[in-house]
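Student: following is a predicted model, sequence given first.
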Amino acid sequence: MAARFQFRLEPLLKLRKSLEQDAQRQLALRIEARNLIELQLKELQQEHVRNLESRRLGPGEEVNLSFWADLERFLMFLEKRIAHTRVDLEAAEQEIVKARVVLTRAHQDYLMLLRLKERRQEQHALTLLHEEIREADEIAVLRHGFSTDQLVPSSAP
């Protein structure tokens, strides 16, 4: 009976698969964080546009200088927050790039071991096939030897 194939590095293969899955989760988290920052940036920009629009006065309306001064301070505050959010967005993009590199490397490591396992399985199957062929040849030789012994006439005196 031939031995069943057993890959000695199976625990390492499982570990690399889990590392790849972890890298996928980390990438998803980074993308989600970036999407939240983008959403925050869009909301800040919309708020900025709304406040800019609120400065417009219709013909004949009174100008409230204290309101305008407060609005200008708030607009400056929004512009600073928008600038900081853009910096955060760039940092989040860099984190995504790093996470993609980590995921690519983890995937390559996993595939390398998987291909090794497949090659070893093929080698094992080929070895088993050669062994079966050798055993079949031995059986055929043994059967041939029995059949020729029975066919040879005995020269008994």
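Tutor: Cool, the structure landed. Keep in mind the model is a prediction, meaning the values are calculated, not measured.

Student: any weak-confidence spans in the protein?
Tutor: 1-2, 146-157 (pLDDT under 70).

Student: now with 90, please.
Tutor: Scanning the chain for pLDDT under 90 picks out 1-7, 53-68, 136-157.

Student: just give me the residue right at the centre of it.
Tutor: Gln24 (4.4 Å; Cα atoms, centre = their mean).

Student: mind checking the longest helix of this protein?
Tutor: Within the chain, and with DSSP state H defining each element, the longest helix by residue count is helix 65-151.

Student: other SSEs contacting that one?
Tutor: helix 10-54 (3 or more Cβ pairs under 8 Å, 6 or more residues apart in numbering; DSSP states H and E). In short, each C-beta sits where N, CA and C put it, glycine included.

Student: for Gly60, helix, strand, or coil?
Tutor: coil (DSSP: H, G, I helix; E, B strand; the rest coil).

Student: tell me the phi and psi of it?
Tutor: Main-chain torsions, Gly60, degrees, to the nearest 10: phi 90, psi 0.

Student: what is the burial count for it?
Tutor: Neighbour count of Gly60, defined by other Cβ atoms under 10 Å: 5.
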